[in-house]
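Novice: With the input below, show me the fold.
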Amino acid sequence: MITGMAEQCSGLPGQPTHQIKVIVYRDHRVVAHQATLGSHAYRFSLPPGQYEVTSDQSYVVPANVSLRQGQLVHADLISSCD
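Specialist: Got it, this is the predicted structure:
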């Protein structure tokens with residue numbers, strides 16, 4: 001299982017909450033995704049393998065995850081939109 005926080009790029013103070021899409025790739029193909037308003041915790045139950053987790057927010061550094069059977073991996077997606 002892969003879990004973590006997806007942070008909203010808020011830009012200017014007082015900006016309204018907007019949708020954040022978290023996307024999981026394996027071999028350059030989308031294998032899972034979810035979209036929720038604002039910063040949120042995400043969780044994907046996936047088979048063992050190599051994954052890249054990212055979001056549609058500005059300046060996010062994707063997390064490269066190696067997942068083994070029964071393992072829980074935590075990968076936060078921080079957006080540095082300053």
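
Novice: what residue ranges in the protein score low on pLDDT?
Specialist: Where the chain drops to pLDDT under 70, the residues are 10-15, 81-82.

Novice: can we see that at 50?
Specialist: Scanning the chain for pLDDT under 50 picks out no residues.

Novice: any chance you could map the strands in it?
Specialist: Assigned by DSSP state E, the strands in the chain fall at 2-6, 19-26, 29-37, 40-44, 49-55, 63-67, 73-74.

Novice: and of these, who's closest to residue 80?
Specialist: strand 49-55 (12.3 Å; Cβ to Cβ). In this view, the C-beta of every residue, glycine as well, is placed from N, C-alpha and C.

Novice: mind checking how far the closest one is from the chain centre?
Specialist: Averaging C-alpha positions (Cα atoms, centre = their mean, to the nearest Å) puts strand 49-55 8 Å from its chain's average.

Novice: Would you mind extracting the C-alpha trace of it into PDB?
Specialist: In PDB, the C-alpha atoms belonging to strand 49-55 read as follows (Å, rounded to 0.1, in the frame of the first residue of the first chain):
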ATOM      1  CA  GLY A  49       6.400  -3.200  -8.100                       C
ATOM      2  CA  GLN A  50       8.100   0.100  -8.900                       C
ATOM      3  CA  TYR A  51       5.800   3.200  -9.000                       C
ATOM      4  CA  GLU A  52       6.000   6.900  -9.500                       C
ATOM      5  CA  VAL A  53       3.500   8.900  -7.500                       C
ATOM      6  CA  THR A  54       2.900  12.600  -8.400                       C
ATOM      7  CA  SER A  55       0.100  15.200  -8.400                       C
END
